[in-house]
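**Q** pasted the sequence and its predicted model underneath.
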Amino acid sequence: MARRALTTTAAAFTATAALLLTACGGGGDDSSDDFKGADKGASSPSASPSGSASTDVGRPDVSLPKDLDVVFDFEKPSDQDSAAALDDAANYIRALNHGITKQDPGDSAFQFYSSGQASRYAHSRIKEYVDGGWTLTGKDRYYQAETSPDDESEKVKTVSVTFCEDQSRVYGKEVTSEKVHRTKESLASFQKFTVLMASVKGNPVWRAQRVTVEGKAEECRG
């Protein structure tokens, strides 16, 4: 099974995310539930990840194997909160990939950088790879990031982050045999993410609360 074959399930994940968002009220009555994990740390903190300016909040290790290069071609926003939210949106993606390469659906890294529906999405995504006996190799690129400050309450700030993914050069690799399944670039290689990031005021960590993924994103191609 190639990377492409795995990511053809993106539509299913998006549908699931949409259902979860509907069930959650789309940011309505359940907002307090989504933010319950926003001020919690990881159970096993270690080295700080790349892309993170803070080193004193017990950030987990999100390092990846040498054969997997996850690249973020993001321009840093001038707004401090937007910049911090974008940094930790990248860390959420790193953490998701960390869980896949570690073959651990319960990995503490994605739990540190997410809660609510975004945490469930990461768990499901990692579990799909683990159950299928797959990991990742190659170059996974994220780009065209945009940020938009969202609602702000007395205790919590939110920023909506969108970005594209080009996965044409990242492939599925069988864990047991280490056989790499290469695929050709197509429209299915491009996805668009929308991630709602939140931070409890006074805490430098931003955590993903909700994520939707648009597969075959024409606007991300080219």
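**A** Yep, that arrived.
**Q** which non-adjacent residue is nearest Gly106?
**A** Excluding the flanking residues, the one nearest Gly106 by CB to CB, 6 or more residues apart in numbering is His123, at 7.6 Å. In short, each C-beta sits where N, CA and C put it, glycine included.
**Q** the one helix or strand that neighbour maps to: what's the following helix or strand?
**A** His123 belongs to helix 116-132 when elements are defined using DSSP states H and E. Remark: after helix 116-132, the chain's next helix or strand is strand 134-152, criterion DSSP H and E.
**Q** in the protein, where's the longest helix?
**A** In the chain, with assignment by DSSP state H, the single longest helix is helix 80-102.
**Q** where exactly do the helices run in this protein?
**A** 3-7, 10-23, 31-34, 80-102, 108-112, 116-132.
**Q** for these, which has the smallest mean pLDDT value?
**A** The minimum mean pLDDT among these belongs to helix 10-23 (a mean of 32).
**Q** if we can go back for a sec, buried residues of the longest helix of the chain, list them for me.
**A** Going by neighbour count (16 or more other CB atoms under 10 Å), the buried part of helix 80-102 is 81-102.
**Q** check stretch 188-197 too.
**A** By 16+ other CB under 10 Å, the buried positions in stretch 188-197 come out as Ala188, Ser189, Phe190, Gln191, Lys192, Phe193, Val195, Leu196, Met197.
**Q** now stretch 59-79
**A** Using 16+ other CB under 10 Å as the test for burial, stretch 59-79 gives Arg59, Pro60, Asp61, Val62, Leu64, Leu68, Val70, Phe72, Phe74, Pro77.
**Q** tell me which of those fall in strands.
**A** Leu68, Val70, Phe72 (DSSP state E).
**Q** tell me which residues touch the residue most central in space within the chain, please.
**A** Centroid check for the chain by CA atoms, centre = their mean gives Ile93 as the closest residue, at 3.1 Å. Ile93 sits next to Val70, Phe72, Tyr142, Phe193 when contact means CB atoms under 8 Å, 6 or more residues apart in numbering.
**Q** out of those, who's nearest Ser148?
**A** Phe193 (13.7 Å; CB to CB).
**Q** Val195 is in contact with Val211, isn't it?
**A** Yes. If you go by CB atoms under 8 Å, Val195 and Val211 touch, sitting 4.8 Å apart.
**Q** overlap in contacts of these two?
**A** Contact criterion CB under 8 Å, 6+ apart; residues shared by Val195 and Val211: Tyr92, Ala118.
**Q** look up how far Glu152 lies from the residue lying farthest from the centre of the chain.
**A** In the chain, counting by CA atoms, centre = their mean, Ser177 sits farthest out from the average C-alpha position, at 27.2 Å. Ser177 sits at a distance of 50 Å from Glu152 (criterion: CB to CB, to the nearest Å).
**Q** could you find the closest non-adjacent residue to Val130?
**A** Leaving aside its sequence neighbours, Val130 sits nearest to Gln103 (CB to CB, 6+ apart; 5.1 Å).
**Q** if anything else comes up later, I'll come back, but that's it for now.
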